[in-house]
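Student: fold the following.
(2 chains)
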Amino acid sequence: MKSLVCLKQVPDTETQIKVNADGSGIVTDGIKYVINPYDEFSVEEALKLKEKFKAGEVVVLSIGPDRCVEAIRTALAMGADRGVHVCDEAVNNGDPFVMAQTLAAASGNIEYDIIFCGHRAIDDDFAETGAMLAELLKIPQITLVTKIEVSADKKTITCERDIEGGKETVESPLPCVVSSQKGLNEPRYASLPGIMKAKKKPVDKKTFADLGLTPDAKLVSKNFSMPGSRQAGQKFEGMEPQEVAKTVVQALRSEAKVI
Amino acid sequence: MANLLVDERDAKFVLYEQLNIEELCEAETYSEFSREMFDMVLEAAQKLAEKELAPTNVEGDTVGVKLENGNVSVPPSFHSAYQKYCEGGWAALPISPDHGGQGFPNVMYIATMELFVSANQSLMMYPGLTIGSARLVQLYGSEEQQRMYMDKMYTGEWCGTMCLTEPQAGSDVGALRTKAVKRPDGTYSISGGKIFISAGDHDLTENIIHMVLARIEGAPAGTKGISIFIVPKFRYDDAGNLVDNDVSTMAVEKKMGIHGSSTCALNFGEKDNCIGYLLGEENQGMKIMFNMMNEARLSVGVQGLAQASTAYMHALKYAKERFQGPEISTMKDPTAPKVPIIQHPDVRRMLMWMKSVTEGIRALLYYAAYCEDRIHAAKTPEESAKYQGFLDILIPICKAWGSDMGFRVTELAIQVHGGYGFCREYPVEQFMRDCKIASIYEGTNGIQALDLVGRKIGYKQGLLFKSIVAETGALIKSAKKNYRLKDIVEPFETARNHLIEVTRYFGLKSITEDFMTPILYASPYLELFGDVAVGFMLLWQAVVADRRLEELYGDAKADTEEKKAELLKSNRSAAFYRGKVASAEFFANTILSLASGKARAIMSGERSAIDLPEESFALV
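Tutor: Residues are numbered from 1 along each chain as shown, chains lettered A, B, ... in the order given. Presented below is the predicted three-dimensional model:
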């Protein structure tokens, strides 16, 4: 079973994010980066498929600046076989469409039975790239997947996906794009022997020119801003219970406008 | 805040910016490694520590170990955490690949241990003792013993212990009574009782390999007649099956802390059916055991460091979140807004003390481990001897100063939390209870002080001490060129001079009849030595951090105090380096400046502690 895992490096969920002075992006100094958690599910599932079929390959594909190679290496330390790193100023901060374009182009030279994407990246939260990639490659996509069964002939896949209040079971021919959702699996930890082996595994670095594409961004980020700080709560004190209840109801109706 | 275990930015600062451990990779021994790999190891360790080890720490404390029907069980959650630790290959991180390990530098071992132990000290007792005892088999075991025991210990499949203490033989190991009688086949029958055996029995692994100190029948009294034996809980019979080896658990201690670590009283040979296999040669037990002494003592220092580290991180987080009282200048205004307690001067003072001391212990312990790596990577015998000397003299300081001051950091963490810190609801009181043992076991801190005063400072006419004096002198000389560091260098130089003076004083006393003074004041001397050693580390760090900070100010064209303050608000690196310089400044001015008083107290030669008749202490 050959899997192509699209992987994004994102700021750690616990990193405190600050917007830079001109609002064009975030302050990157001192940020800790990790593999997008949903992409970690993808890596794990791809490794499991390879183990189950006792054959195949797990290729990790990532777009981003030099530091992205850390995320690729971590996936290699988990057990993936090789990495492809598209690193080009023109795309490193691309919009979802440019990302999908790039992934589609880069996937051209890679053999795969299935493509994994995280269902969204936790930094920009677009949740669009996977879907666009499937469209560009003209293959089916199954989103928000929490369980995967691949037929013995590797021709079809059956997935459970999250829907409002329940699960839906979907079948699709392979290859297809699957977007991983929390609950799919428990990603393994990178082991020390894995880390030792990872450094010897190949990582191909590619630029946009290598892929023969011109970025075609559909979206322009105008400005970043921090959410406004939360207003302090109101306290109603020194009143009789009935009076308090009345005041609170009034406040909820006329000020908060929630009832 | 990324995690509440270890300030990873500071750990990386020590590794890469202070010690520059990447240089180690130039040596043949470590040529396989790189900064990138070290980073991956730290990240993987942190993840494992945070996600698997730390969540079991409270259960370790509240459930603890249980002895039922002669068998000890660990808290249930420990099993999976231990499994993941072993699966990751962590059990043999610094062990040479020739013996089934990964061969990482020791400094990386200590850095990962800080993470793991800060997550769960009790759980880490089991692999900690295993790697120590397996190392003895690696150094002294026969090929057969290595295959039979060591291999399984380095994967974590079996655990190990060190069985030294007996009721009458604690600090005085030479008084032990456990007996070994040679059998016709060359093995030995072991009989006797041991107490306080950490990881003595448990159900984490199917077998436990005890390293037992015992006296062979007819061997000389005292430490000269001690041999060391491999005594498995289950031994192989002739058919290759594991059979019971007559090691029984009499009790597990109920302790102040590390409840998840099983501290056992073991009986060997109750049914006269306990077989031990001699490790190395007869009567070489103490010598063999001494091989693991440096490493074991450093590991206990790491416990002080690790608990201090997580205690500081928790206290800092709490101080930023907990609102209480107005800002001090608006104290009298009842309507003034309440502020987080980190804005109160006394809380800041405590946090600053915790920060500088924790960072100082971290640097000292990493440095000691790094010295060991430099011994392995040395190009000349002189270089190797130099680092061996640093390591030998610093070990008692790492163990004793690290555990004593680490404990004080955990105590302050409770203080920062106020009443909540005293409550079980918050984790800091557990940190303090777990930490306390570090000043007691693996040679009490009193024994460490005697080792420093009795063995280390006099060694080869004071050679080790002189090399520390030279090393610190060189740093002072270069740091003096930077006027911005004046307020750090001066108190440091003064404290160092006091230490030299006290050391000379001890030297004089030891050759006169008044040899009791150095013994009586060994512990205060170790404290003073530790202050200077940590001051040395922090000054070294300040030199590096100040340079980086100036570069950042320069890059940002921050040439006024206002602009600098602005940069510190917006730039994480600048804020970090400013914090490093501040740690050194604070330590120099509030701790090193006490050196003159400490030196005077020692050299007072005050003898009441010795001269006072026991009757005068009090009637008890």
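
Student: next one: the nearest residue to B:I208 once chain neighbours are set aside from A:E168, what distance?
Tutor: Residue nearest to B:I208 in three dimensions, not counting chain neighbours: B:K233, with 4.3 Å by C-beta to C-beta, 6 or more residues apart in numbering or on different chains. (Each C-beta comes from the backbone N, C-alpha and C, glycine too.) With distances taken as C-beta to C-beta, to the nearest Å, B:K233 is found 53 Å from A:E168.

Student: the more surrounded of these two?
Tutor: It is B:K233, of B:K233 and A:E168, that has more neighbours when counted by other C-beta atoms under 10 Å in any protein chain shown, with 23 against 12.

Student: the more buried one touches B:D201, doesn't it?
Tutor: Yes: between B:K233 and B:D201 there is a contact at 7.4 Å, judged by C-beta atoms under 8 Å.

Student: okay, and the common contacts of these two?
Tutor: By C-beta atoms under 8 Å, 6 or more residues apart in numbering or on different chains, B:K233 and B:D201 have these common neighbours: B:208, B:247.

Student: tell me which helix or strand the residue in chain A positioned nearest to chain B sits in.
Tutor: Across chain A, the shortest distance to chain B (C-beta to the nearest C-beta) belongs to A:G30, at 3.0 Å. Under DSSP states H and E, no helix or strand contains A:G30.

Student: relative to the whole chain's centre, how far out is stretch B:338-357?
Tutor: Distance, stretch centre to chain centre, for stretch B:338-357: 26 Å (C-alpha atoms, centre = their mean, to the nearest Å).

Student: what sits against residue 197?
Tutor: If you meant another chain, say so; for now it's chain A. A:76-77.

Student: chain B is the one I meant
Tutor: B:161-163, B:165, B:210, B:263-266.

Student: show the pLDDT at it.
Tutor: You'll see B:I197 listed with a pLDDT of 97.

Student: again, but for B:A2
Tutor: So B:A2 comes in at 54 (pLDDT).

Student: quick one on the thing from earlier: count of residues packed around the closest residue to the residue of chain A closest to chain B other than its chain neighbours?
Tutor: Distances taken as C-beta to C-beta, 6+ apart place B:R572 nearest to A:G30, at 3.0 Å, with adjacent residues excluded. B:R572 has 17 neighbouring residues, counting by other C-beta under 10 Å.

Student: what residues are up against the residue of chain B found nearest chain A?
Tutor: Using C-beta to the nearest C-beta, B:R572 is the residue of chain B that sits closest to chain A, at 3.0 Å. Residues near B:R572 by C-beta under 8 Å, 6+ apart: A:27, A:29-31.

Student: now the buried members of these.
Tutor: A:I31 (16 or more other C-beta atoms under 10 Å in any protein chain shown).

Student: turn the contacts of B:R572 into JSON lines, columns for pLDDT.
Tutor: Below are those laid out as JSON lines (pLDDT from 0 to 100):
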{"residue": "A:V27", "pLDDT": "85"}
{"residue": "A:D29", "pLDDT": "82"}
{"residue": "A:G30", "pLDDT": "81"}
{"residue": "A:I31", "pLDDT": "88"}
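
Student: of all the contacts of B:R572, which comes closest to B:E253?
Tutor: For the contacts of B:R572, the residue nearest B:E253 by C-beta to C-beta is A:G30; the value is 44.8 Å.

Student: I figured that closest one hits B:F13, correct?
Tutor: No: contact criterion C-beta under 8 Å: A:G30 and B:F13 do not qualify, at 11.9 Å.

Student: list residues touching both of the two?
Tutor: Common neighbours of A:G30 and B:F13 (C-beta under 8 Å, 6+ apart) are B:F576.

Student: mind listing what the helix or strand containing A:K167 pairs with, with the direction of each?
Tutor: Taking DSSP H and E as the definition, A:K167 sits inside strand A:166-173. Strands that pair with strand A:166-173, judged by DSSP bridges, come out as strand A:156-163 (antiparallel).

Student: can you tell me the average pLDDT over the strand it pairs with?
Tutor: Here the average pLDDT along strand A:156-163 is 95.

Student: what does stretch B:429-438 give?
Tutor: The model assigns stretch B:429-438 a mean pLDDT of 98.

Student: just give me how far it sits from the chain centre.
Tutor: 13 Å.

Student: other residues contacting that stretch?
Tutor: Where contact means C-beta under 8 Å, 6+ apart, the residues beyond stretch B:429-438 that reach it are B:57-58, B:61, B:121-122, B:255-258, B:300-301, B:303-304, B:307-308, B:310-311, B:314, B:402-403, B:406-407, B:410-411, B:413-414, B:421-424.

Student: could you tell me which of these count as buried?
Tutor: B:57-58, B:61, B:121-122, B:255, B:257-258, B:300-301, B:303-304, B:307-308, B:310-311, B:314, B:402-403, B:406-407, B:410-411, B:413-414, B:421.

Student: out of the residues you listed, list just those in helices.
Tutor: Within those, residues falling in helices by DSSP state H are B:57-58, B:61, B:121-122, B:300-301, B:303-304, B:307-308, B:310-311, B:314, B:402-403, B:406-407, B:410-411, B:413-414.

Student: nearest spatial neighbour of B:A91, chain-adjacent residues omitted?
Tutor: Using C-beta to C-beta, 6+ apart, the closest residue to B:A91 is B:G156 (3.9 Å).

Student: ok, A:P65 next?
Tutor: Sequence neighbours aside, A:N92 is the residue nearest to A:P65 in space, at 5.1 Å (criterion: C-beta to C-beta, 6+ apart).

Student: tell me, how many residues neighbour that neighbour?
Tutor: Using other C-beta under 10 Å: A:N92 sits among 17 other residues.

Student: try B:Q343
Tutor: Neighbours of B:Q343 using other C-beta under 10 Å come to 17.

Student: so it is in contact with B:T330, correct?
Tutor: No: between B:Q343 and B:T330 there is no contact under C-beta under 8 Å: 10.9 Å.

Student: who's in contact with A:K32?
Tutor: A:11-12, A:15, B:2, B:8.

Student: what sits closest to it if chain neighbours are left out?
Tutor: Nearest to A:K32 is A:D12, by C-beta to C-beta, 6+ apart, at 4.4 Å.

Student: surely the one you found touches A:Y33?
Tutor: Yes: using C-beta under 8 Å, A:D12 is in contact with A:Y33, at 6.7 Å.

Student: give me the more crowded residue out of the two.
Tutor: A:Y33 (20 against 15).

Student: so A:G233, which state does it fall into?
Tutor: The assignment at A:G233 comes out as coil when based on DSSP: H, G, I helix; E, B strand; the rest coil.

Student: before we move on, what about the one 4 residues further on?
Tutor: The three-state label for A:E237, taken from three-state DSSP, comes out as coil.

Student: could you check how far it is from A:E255?
Tutor: 17 Å.

Student: so what's the residue count around A:T102?
Tutor: So A:T102, with other C-beta under 10 Å, has 26 neighbours.

Student: surely it meets A:N92?
Tutor: No: A:T102 is not in contact with A:N92 according to C-beta under 8 Å; the separation is 10.0 Å.

Student: which neighbours do those two share?
Tutor: A:I63.

Student: for chain A, what lies in contact range of chain B?
Tutor: Residues of chain A lying close to chain B (C-beta under 8 Å from any C-beta of the partner chain) are A:12, A:14-16, A:18, A:21, A:27, A:29-32, A:70, A:73-74, A:77, A:189-196, A:198-199.

Student: put the buried members of those into a ChimeraX selection.
Tutor: Applied in ChimeraX, the following selects the buried portion of those according to 16+ other C-beta under 10 Å:
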select /A:15,18,31,70,73,74,77,189,190,191,192,194,195,196,198,199
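
Student: restricted to helices, list the residues of chain A next to chain B.
Tutor: Those of the residues of chain A next to chain B lying in helices (DSSP H): A:70, A:73-74, A:77, A:192-196, A:198.
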